[in-house]
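In: Sequence plus predicted model, see below.
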Amino acid sequence: MITLRDITVWDTGETIDLTIPEGTAMPDGDYDATGLTLAPGFADPHVHFRDPGQTYKESMVSGCEAAASGGYTDVLIMPNTVPAMDGETLADPEAPGAREVLDAGCDNVIDYLQHYEAIHKVDLPVRYDLCVCASKGRVGHEATELDHWRRYMPGQDDESKDRYQLAHPVTAISDDGSAVTPQILDDVLAMTRESGLYLIEHCEHHDTGAVNEGPVSRKLGVPGIPEDTELKVVERDIAKARETGVHIHFQHVSTAISFDAIRKAKAEGLPITCETAPHYLALCDEALLEYGTLAKMNPPLRSEADRQATIAAIADGTVDLLATDHAPHTLDEKKLGFLEAPNGIIGLECAYGVCHKVLVDGGHISDKRLIELMSVEPMRLMGHKPTDITTLLDEQNRNGEPGAKRTLDLGALDTATAAGIGLAVLNTGEAWTVDPEQFHSKARNTPFGGWNVTGRPLATIIGPRLVFSRIAR
C-alpha cells in the first residue's frame, strides 16, 4: 500500500492523505507529498497512436505509456489508422495494415482496437475511446454508414458486449487530418445527428503550401498556406451548426480570425466547442527558422499575432480545452524537408509543462484553470465525468471530526466508483528540462527538446491502481 501524506486538493486547497492500494510503479510505503497537488487526471480527445499500420512510429502500448507519463488517464484515438477506422469490413488482406487486423481474428479496425489488450495480452495504463471516420477510407468521397458501426457506440446492445467493447466505445466522428469534404458534409451531419455523437472537425483545408504564408515562408522559399484556409472551414461549419443543431468541435484552432468567428458563434448560443494545442500557444512560425521541420504541422504555426490571439482566446474562455494532437513520426521522416516531411509533433509528455510555463507563469490563467482545460473540460467533451475528489472525501469521512485531516482511501471504494477514478499527482512548481530521449513514446519529433519548463506530472492513477510514478522518497 502507498500513502501520499499531506497532498493538496487542486480546487479546494485542502490538505489530505491519499492511500493507493495497488501499483508497481513505486514501492509501498509512506511518502511526503507536501507541496504536491492532487487533480483529476488529464484527458486528451485528440491523439494519434498509429496502431494498426504504422507501429514503427508509435503503438497503442507506447502511446498509452507516453500518456500516463504525461498525467493523462483518458484519451480519444483518432481514426487515421491504416486501414482507416471507418467500421468497414476489411476485404483486401494485402491492403496496408490489414493483415495485422485480420490475423488477430478481427474484421475491422474498431474491433481490433477494442480488443487490443486481449489480442496482445497487455494491460494498458490509460483508458481510451475510439473516433470513427466521417468518410469511408477517410478519403472524403462517401460518408461512412452508421449501421456498420452503430453497434460500437455506448448504449447499443450493451448487455451482449464483452468488457473490452464496453471499455472502448466509439464516441465521436471525424476525418481528422482532413476537413470533412463539401460533397459529403450534409450526409455526415445527418449521420452525426442520428447517432447522437458529435463531429470533431479538422478545421483547415489547403491544396498547396507547407508553412504559414508570410515573411517566414518567403525567407525559407517555401510555399505558404494562407490563414483563411482555416477560417473558411470554421465559417462553413458554424453555418451548418446553426442550420442543423449538430455539435461541432473544432480541432487545433490557430488564427485570430477563426477565434473571432468562434467567439461570435458561441455568443449566438450555437453548439460549437473548440480546442487549441500547446504548440500554437507556445510557438509562432518564426520557430521554423530554429527548429526546421520539427515545427512543421497542420494547421501550420501562424504569426506571433496569432499566437497572442490564441493565448487571449484561452484566457477569455473562447477555447474550451487544450489537446495535444500527439502525432508521432520518425526523425528520418522529419528530415525530408519542408515539402515532403510529414506534419505534426508529439506532445503528451511535455504538454503540461509547456502550457504551465506559457499560460500560468505568464500570468494569463491560474493553476486551477489550466487543470480545468486539460482535465475537466476534455472529459466532459468525451462524455465522461472527471473525478470529483471532494465528493469522494465527503463520502468517506462522514463521521470524521470537524477540522481533522481527511484521508481518501482508493482501496475502500466500491468497484463501480473505483472504475471511474482518474487522478494525477502534480508538482505545479517543479522546474525541469524537456528531454525527448527520456520519453516513453517511440517518437522524438518535438521542437520542445531542451526547453526549460515548470509544472510536472509525477504520478497517474486509474481506479485503485497507480499506473505511473516518478515520485521519489
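Out: Good, I have the coordinates. Numbering: from 1, shown residues only.
In: three-state assignment of the nearest residue to Arg138 once chain neighbours are set aside?
Out: Ranked by Cβ to Cβ, 6 or more residues apart in numbering and with sequence neighbours excluded, the top spatial neighbour of Arg138 is Ala84, at 4.0 Å. C-beta coordinates here come from the backbone N, C-alpha and C atoms, glycine included. On the three-state scheme (DSSP: H, G, I helix; E, B strand; the rest coil), Ala84 is labelled coil.
In: Going along the chain, name the strands of the stretch 151-300 of the chain.
Out: For the stretch 151-300 of the chain, the strands identified by DSSP state E, counting those that start in this stretch occupy 170-174, 199-201, 211-212, 224-225, 248-250, 272-276, in order along the chain.
In: Would you mind giving those strands as JSON lines with distance to Arg369 added?
Out: Below are the strands of the stretch 151-300 of the chain laid out as JSON lines (distance: least, Cβ to Cβ, whole Å):
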{"stretch": "strand 170-174", "distance to Arg369": "25"}
{"stretch": "strand 199-201", "distance to Arg369": "23"}
{"stretch": "strand 211-212", "distance to Arg369": "28"}
{"stretch": "strand 224-225", "distance to Arg369": "31"}
{"stretch": "strand 248-250", "distance to Arg369": "20"}
{"stretch": "strand 272-276", "distance to Arg369": "14"}
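In: For Pro182, find the nearest of those.
Out: Set against Pro182 and scored by Cβ to Cβ, these come closest in strand 199-201, at 12.7 Å.
In: Output the contacting helices and strands for the closest one.
Out: Judged by 3 or more Cβ pairs under 8 Å, 6 or more residues apart in numbering; DSSP states H and E, the packing partners of strand 199-201 are strand 170-174, helix 185-195, strand 248-250.
In: so can I have a markdown table of those showing distance to Met297?
Out: Rendered in a markdown table, the data for these read as follows (distance: least, Cβ to Cβ, whole Å):
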| stretch | distance to Met297 |
| --- | --- |
| strand 170-174 | 17 |
| helix 185-195 | 24 |
| strand 248-250 | 16 |
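In: I'd like these as TSV, with distance to Val75 and mean pLDDT appended.
Out: As requested, the helices and strands packed on strand 199-201 are exported to TSV (distance: least, Cβ to Cβ, whole Å; pLDDT from 0 to 100):
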stretch	distance to Val75	mean pLDDT
strand 170-174	11	98
helix 185-195	21	98
strand 248-250	15	98
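In: would you list those in TSV and tack on mean neighbour count and distance to Arg406?
Out: Rendered in TSV, the data for the helices and strands packed on strand 199-201 read as follows (neighbours: other Cβ atoms under 10 Å; distance: least, Cβ to Cβ, whole Å):
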stretch	mean neighbour count	distance to Arg406
strand 170-174	26	34
helix 185-195	18	42
strand 248-250	25	37
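In: Which one, of these, ends up nearest to Gly140?
Out: helix 185-195 (9.9 Å).
In: quick one: the closest one to strand 170-174, angle?
Out: What separates the directions of helix 185-195 and strand 170-174 is an angle of 170 degrees, with axes from the mean of the first three to the mean of the last three Cα atoms, to 10 degrees.
In: ok, residues contacting helix 185-195?
Out: 134-135, 143-144, 146, 150, 153, 173, 180, 198-199, 236, 240, 244-247 (Cβ atoms under 8 Å, 6 or more residues apart in numbering).
In: Count the neighbours of the residue nearest to Arg138 for me.
Out: Counted with other Cβ atoms under 10 Å, the burial measure for Ala84 works out to 23 neighbours.
In: so what's the closest residue to Met374 other than its chain neighbours up against?
Out: Ranked by Cβ to Cβ, 6+ apart and with sequence neighbours excluded, the top spatial neighbour of Met374 is Phe42, at 4.6 Å. Contact criterion Cβ under 8 Å, 6+ apart gives 70-74, 351-352, 374-375, 378, 424, 457 as the residues in contact with Phe42.
In: Next up, phi/psi of Phe42, please.
Out: Summarising the backbone geometry of Phe42 under the convention degrees, to the nearest 10, its torsions are phi -70, psi 160.
In: That one and Gly63, how far apart?
Out: Going from Phe42 to Gly63 by Cβ to Cβ, to the nearest Å gives 14 Å.
In: follow-up on the earlier one: take the contacts of Phe42 and keep only those in helices.
Out: Using DSSP state H to define helices, the subset of the contacts of Phe42 located there is 351-352, 378.
In: hang on, Cys64 packs against His120?
Out: No: distance between Cys64 and His120: 11.5 Å, which falls outside the contact criterion (Cβ atoms under 8 Å).
In: so where's the stretch 301-450 of the chain shaky on pLDDT?
Out: Flagging of the stretch 301-450 of the chain using pLDDT under 70 yields an empty set of residue ranges.
In: where do the strands sit along it?
Out: With strands called from DSSP E, counting those that start in this stretch, the stretch 301-450 of the chain shows them at 321-322, 406-409, 422-433.
In: So for Arg127, which of those strands sits nearest?
Out: Between Arg127 and the strands of the stretch 301-450 of the chain, the shortest gap by Cβ to Cβ is with strand 422-433, which sits at 7.2 Å.
In: could you say what helices and strands that closest one packs with?
Out: Short answer (3+ Cβ pairs under 8 Å, 6+ apart): strand 422-433 packs on strand 37-40, strand 72-77, strand 452-462.
In: Surely Val132 forms part of a strand?
Out: Yes: using three-state DSSP, the assignment for Val132 is a strand.
In: Could you export the helices and strands packed on strand 422-433 as TSV, including mean neighbour count?
Out: TSV is the format used below for the helices and strands packed on strand 422-433 (neighbours: other Cβ atoms under 10 Å):
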stretch	mean neighbour count
strand 37-40	25
strand 72-77	27
strand 452-462	22
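In: I'd like the ones you listed laid out as TSV, including mean pLDDT and distance to Gly317.
Out: Supplementary listing: the helices and strands packed on strand 422-433 in TSV, determined by pLDDT from 0 to 100; distance: least, Cβ to Cβ, whole Å:
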stretch	mean pLDDT	distance to Gly317
strand 37-40	98	19
strand 72-77	98	22
strand 452-462	98	21
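In: Of the ones you listed, which is nearest Leu130?
Out: Between Leu130 and the helices and strands packed on strand 422-433, the tightest spacing by Cβ to Cβ is seen for strand 72-77, at 5.3 Å.
In: outside of the closest one, which residues touch it?
Out: 40-49, 63-64, 67, 85, 113, 126-131, 171-172, 348, 378-379, 382, 384, 422-424, 460-462.
In: picking up where we left off before, just want to know which of Cys64 and His120 has more residues nearby.
Out: In this view Cys64 and His120 are compared by other Cβ under 10 Å, and Cys64 has more residues nearby, 28 against 14.
In: Look at the more buried one and give its secondary structure.
Out: Using three-state DSSP, the three-state assignment for Cys64 comes out as helix.
In: residues touching it, list them.
Out: When contacts are counted by Cβ under 8 Å, 6+ apart, Cys64 is found next to 49, 75, 124-126, 128.
In: List the ones among those residues that fall in strands.
Out: Members of the contacts of Cys64 lying in strands (criterion: DSSP state E): 75, 128.
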